[in-house]
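> kindly generate the corresponding structure for this input.
(one chain, ligands or ions: 2)
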Amino acid sequence: MDAVELLMMDHSALRIISEHNEFTNMMEFRIFLMDIHVSIEEKVVFPELVSLGNRDTKKIVDSLIADHKLLDKLYSNLIKWKSAENPLYEARIPLFYQTLTFHNSQEEKLVFPLWKKLEPEKAKNDIKTALEIIGSSGIDIYMKETGISNDMIKYIEQ
Ligand SMILES: [Fe+2]
Ligand SMILES: [Fe+2]
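Ligands and ions are numbered 1, 2, ... in the order given. Alright, predicted model coming up:
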């Protein structure tokens, strides 16, 4: 499995989580989404894609990074509204999930396909870096949020 396949597997989990329109644990979801998924995109995958692509790729990647900032802001607000028992919490959850799933679909459509052009040696290193990011942010949280098992992680590591 390569780093982009791993990210697309995250997207699958996120589509299912989005359908429920609620969070089981807001802090853990934040770690999965921002500290793991978004970090792998911004630190590992996007720089490779930009190096392969043209000016359009750079522009698209910049707008995807801007989406990440918006999602992070929106999510921080959800946490604040929830602890203050503000009705905006319930009211804005659908907007958060719609923004997130649209963003993920755009990544799959507009930039991830470029990954196939990457040299296999680079791709091998990148999945290792992605797994290091997961390990340092919290493998248990990652497994809980995605449904990925310990044996799957071991298989990907090989
Ligand atoms: Fe993203
Ligand atoms: Fe993504």
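
> run a quick neighbour tally on residue 89.
16 (other CB atoms under 10 Å). Yep, even glycine has a C-beta here, placed from its N, CA and C like the rest.

> go on, residue 10?
22.

> and the pLDDT at residue 54?
Note on residue 54: pLDDT of 83.

> how far away is it from ligand 2?
Distance, residue 54 to ligand 2, by CB to the ion, to the nearest Å: 21 Å.

> quick one: name the residues of this protein near ligand 2.
Within the chain, the positions near ligand 2 by CB under 5 Å from the ion are 104, 107.

> show me where pLDDT drops low in the chain?
Residues of the chain that meet the criterion pLDDT under 70 are absent altogether.

> how about the helices of this structure, start to end?
3-20, 26-30, 39-40, 46-52, 55-83, 88-106, 120-137, 139-146, 150-157 (DSSP state H).

> give me whichever of these is most buried.
Among these, helix 39-40 has the highest mean neighbour count (mean count of other CB atoms under 10 Å), at a mean of 21.

> which residue comes closest to residue 30 once chain neighbours are left out?
residue 75 (6.2 Å; CB to CB, 6 or more residues apart in numbering).

> residues in contact with the one you found?
With contacts defined as CB atoms under 8 Å, 6 or more residues apart in numbering, residue 75 is in contact with 30, 33-34, 96.

> tell me who's in contact with residue 35.
Per CB under 8 Å, 6+ apart, neighbours of residue 35: 137-138.

> gap between it and ligand 2?
13 Å.

> and the residue nearest the centre of the chain, how close does it get to residue 8?
Compute the mean C-alpha point of the chain, and by CA atoms, centre = their mean the closest residue is residue 37, 3.1 Å away. As judged by CB to CB, to the nearest Å, residue 37 and residue 8 stand 11 Å apart.

> cool, residue 16 as well?
Note on residue 16: its distance to residue 8, by CB to CB, is 13 Å.

> and for residue 29?
19 Å.

> kindly report the same for residue 70.
In terms of CB to CB, residue 70 sits 21 Å off from residue 8.

> equivalent analysis for residue 47, please.
18 Å.
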